[in-house]
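**Q** Sequence first, then the predicted structure, then my questions.
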Number of protein chains: 2
Amino acid sequence: MLGKIMELWFTENHTDEARFSIKVDKHLFSKQSEFQRIDVFESKEFGKILTLDGFLMVTEKDEFIYHDMITHVPMAVNPNISKVLVIGAGDGGTVRELLRYKTITHIDMVEIDKDVVTVCKEYLPLTACGLTDNKVHLYFEDGLKFVRGKVSEYDLIIVDSTDPFGPGEGLFTKEFYGNCYRALKEDGILVNQHESMYYTSYAESMKRAHQRIQDSFPVAKIYQAHIPTYPSGHWLFGFASKKYDPIQDLDSDKWNKLGLKTKYYNTDLHVGAFAIPNYVKEQLEER
Amino acid sequence: MLGKIMELWFTENHTDEARFSIKVDKHLFSKQSEFQRIDVFESKEFGKILTLDGFLMVTEKDEFIYHDMITHVPMAVNPNISKVLVIGAGDGGTVRELLRYKTITHIDMVEIDKDVVTVCKEYLPLTACGLTDNKVHLYFEDGLKFVRGKVSEYDLIIVDSTDPFGPGEGLFTKEFYGNCYRALKEDGILVNQHESMYYTSYAESMKRAHQRIQDSFPVAKIYQAHIPTYPSGHWLFGFASKKYDPIQDLDSDKWNKLGLKTKYYNTDLHVGAFAIPNYVKEQLEER
């Protein structure tokens, strides 16, 4: 712990006008990889923190919220999911949650930046713990290219990307969503992280992304979670599918019988998460 | 607007280890009242901002979220509410929303600090607009004392208090909740702002407050909203009543027929707001 004289703060500018800062004890790691700057910090309140290009990606304190919501929502809608494609997610948290389902026999994980995985294996074993499981097949390449040409292969695609600028930019395009549609089986589900609509800088790009998903998939809904360390804390996810409705096709009893202990997700919250505020709904519906 | 050389930032420490900062253009007002320090800032992203003892209370950008959730939730459960007691709420936003209901004929508003009302009338007409309505009866005294001795008078009590320390402290005690119970009619509802459970500093005091409400009222539930400018952004409210269940007794059709336009609240979200995450539920249930 640092003494009283010196303090070290990590600050993320959520906009030019608002910022969130975390007191850190140590800057554990820093590297400019081929794609982005990777940093790991140690903090008292949030545990270890991973940032990419200065944007907070994972904290040990609240990573469970994001990873619960990006995995258990689709799994509770179709509990027979067996083959999954995960794009991004270098920290491993998404794969860790998926591996809790016995029905899942094969996970392809495509992360553009090998260094992120290496760093997380060393500094974030809490999330990276499942990456050596033999059901997990790691590919270090561009998710956009990987999904091109795949046809009816996956039950579920999870796009656990960075922001809609920088290395993750292509993962918010019409071409990408079209390729995901083709790569999914006839009852396939696509889930993607969808940023926040509270600050206008994010809102515009996510409105476009949602419209592109709506153009590609017959079912396209938005759900939300409280993630305090992300900009505004009001984080959105996209649920798109060829067939399943995330509420009508939720099988609460079946999911609850699995007996998975979760710190954030439950099946009542699953339904509640799709009830988004009017101001978010109105922004998404504007064409 | 300030130039490039000088920047002025308002910072609130959410804990000793985490803080949220807003770039401000001007410090419009500052006064040490009898009870607390009152400040008003002007900012580009959030509009005008009111802080009490350095804690952010209201911003023009997102006050609608808090005020929607503290008023429309009880009003949609019992649309016949006519006499209301509001404790705190000096900014006027709660009264503004209540005045939209024709069924409400009498509002007693008890604010300990007259200076807060004076300041909000001058700087925050967006929220303070309804305070001169002739249905509104303003009392500048301690809410704790005001409610003592009242018997079966109100259909609804809203405790729109500051934090559970400082001038608002007494509004989280067993004695106060017992007095509220007595002041309510036989189908009365109590709604209170309930802080956040994300940071442990708040969690402990709110766990105790919830247990005290449970000891006083047969129905005591917690609901949540996304309020980005409050600590963690995951804000909780308490709904307690002598009779009504906030979900089973919700009359969505009736509320929707009122035709009230809201930017945050809707009746689906009403139900969803009561679906709280497991980690919050577990903390509240610990005795």
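**A** Ah, there it is. Please read these numbers as outputs of a predicted model, since none were measured by experiment.

**Q** ok so A:Arg212 is a strand residue?
**A** No: assessed by DSSP: H, G, I helix; E, B strand; the rest coil, A:Arg212 does not belong to a strand; its assignment is helix.

**Q** Any idea how many residues pack against it?
**A** 18 (other Cβ atoms under 10 Å in any protein chain shown). No exception for glycine: its C-beta is placed from N, CA and C like everyone else's.

**Q** which residues does the residue nearest to the spatial centre of chain A bridge with?
**A** For chain A, the residue nearest the mean C-alpha position is A:Asp160 (3.5 Å; Cα atoms, centre = their mean). Taking DSSP bridges as the rule, A:Asp160 bridges to A:Gly88.

**Q** Settle this for me: it is touching A:Ile87, isn't it.
**A** Yes: using Cβ atoms under 8 Å, A:Asp160 is in contact with A:Ile87, at 6.7 Å.

**Q** in the helix or strand containing A:Val86, what's buried?
**A** Per DSSP states H and E: A:Val86 is located in strand A:83-88. Neighbour counts over strand A:83-88 (16 or more other Cβ atoms under 10 Å in any protein chain shown) mark A:83-88 as buried.

**Q** Any idea which residue of the stretch 151-287 of chain A lies closest to chain B?
**A** A:Gly233 (2.5 Å; Cβ to the nearest Cβ).

**Q** my guess is that residue meets A:Ala225, correct?
**A** No: between A:Gly233 and A:Ala225 there is no contact under Cβ under 8 Å: 9.2 Å.

**Q** need the contact list for A:Cys120.
**A** Applying Cβ atoms under 8 Å, 6 or more residues apart in numbering or on different chains to A:Cys120 gives the contacts A:50, A:58, A:90-92, A:127-128, A:131.

**Q** Pipe the residues you listed into a markdown table and attach neighbour count, secondary structure and pLDDT per row.
**A** Listed next are these as a markdown table, based on neighbours: other Cβ atoms under 10 Å in any protein chain shown; DSSP: H, G, I helix; E, B strand; the rest coil; pLDDT from 0 to 100:
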| residue | neighbour count | secondary structure | pLDDT |
| --- | --- | --- | --- |
| A:Leu50 | 25 | strand | 98 |
| A:Val58 | 27 | strand | 97 |
| A:Gly90 | 33 | coil | 93 |
| A:Asp91 | 28 | coil | 96 |
| A:Gly92 | 29 | coil | 97 |
| A:Thr127 | 28 | helix | 97 |
| A:Ala128 | 23 | helix | 96 |
| A:Leu131 | 22 | coil | 95 |
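
**Q** Now stretch A:194-214 - C-alpha only, CSV.
**A** Provided in CSV are the C-alpha atoms of stretch A:194-214 (Å, rounded to 0.1, in the frame of the first residue of the first chain):
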residue,chain,number,x,y,z
HIS,A,194,-23.7,-2.9,-26.8
GLU,A,195,-22.1,-0.1,-24.9
SER,A,196,-24.3,2.6,-23.2
MET,A,197,-26.8,5.1,-24.5
TYR,A,198,-26.3,7.6,-21.7
TYR,A,199,-23.4,9.6,-23.2
THR,A,200,-24.1,10.7,-26.8
SER,A,201,-20.6,9.7,-28.1
TYR,A,202,-21.5,6.1,-27.6
ALA,A,203,-25.2,6.4,-28.4
GLU,A,204,-24.9,7.2,-32.1
SER,A,205,-22.6,4.3,-33.0
MET,A,206,-24.7,1.8,-31.0
LYS,A,207,-28.0,3.1,-32.6
ARG,A,208,-26.4,2.2,-36.0
ALA,A,209,-25.2,-1.1,-34.7
HIS,A,210,-28.6,-2.1,-33.4
GLN,A,211,-30.2,-1.1,-36.7
ARG,A,212,-27.7,-3.3,-38.6
ILE,A,213,-28.5,-6.2,-36.4
GLN,A,214,-32.2,-5.6,-36.9
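
**Q** what residues does it touch?
**A** Contacts of stretch A:194-214 (Cβ under 8 Å, 6+ apart): A:14-15, A:18, A:163-165, A:172-174, A:177, A:190, A:192, A:220, A:222, A:230-232, A:234-238, A:240, A:279-280, A:283-284, A:286-287, B:45, B:62, B:226, B:228.

**Q** After the strand holding A:Val86, which helix or strand is next? Please name it.
**A** In N-to-C order, the element after strand A:83-88 by DSSP H and E is helix A:93-98.

**Q** For stretch A:168-186, what is the spacing between the initial and final residues?
**A** With Cα to Cα, to the nearest Å as the measure, the ends of stretch A:168-186 fall 27 Å from one another.

**Q** And the contacts of that stretch?
**A** A:85, A:87-88, A:142-144, A:147-148, A:150-157, A:159, A:161-162, A:164, A:188, A:190, A:192, A:205, A:208-209, A:212-213, A:215-217, A:240, A:242-243.

**Q** for the record, mean pLDDT for that stretch?
**A** Throughout stretch A:168-186, pLDDT has a mean value of 91.

**Q** Could you list the buried residues of the least confident helix or strand in chain A by mean pLDDT?
**A** Using mean pLDDT, DSSP states H and E, helix A:200-216 stands out as the lowest-scoring helix or strand of chain A, at a mean of 87. Using 16+ other Cβ under 10 Å as the test for burial, helix A:200-216 gives A:202-203, A:206-207, A:209-214, A:216.
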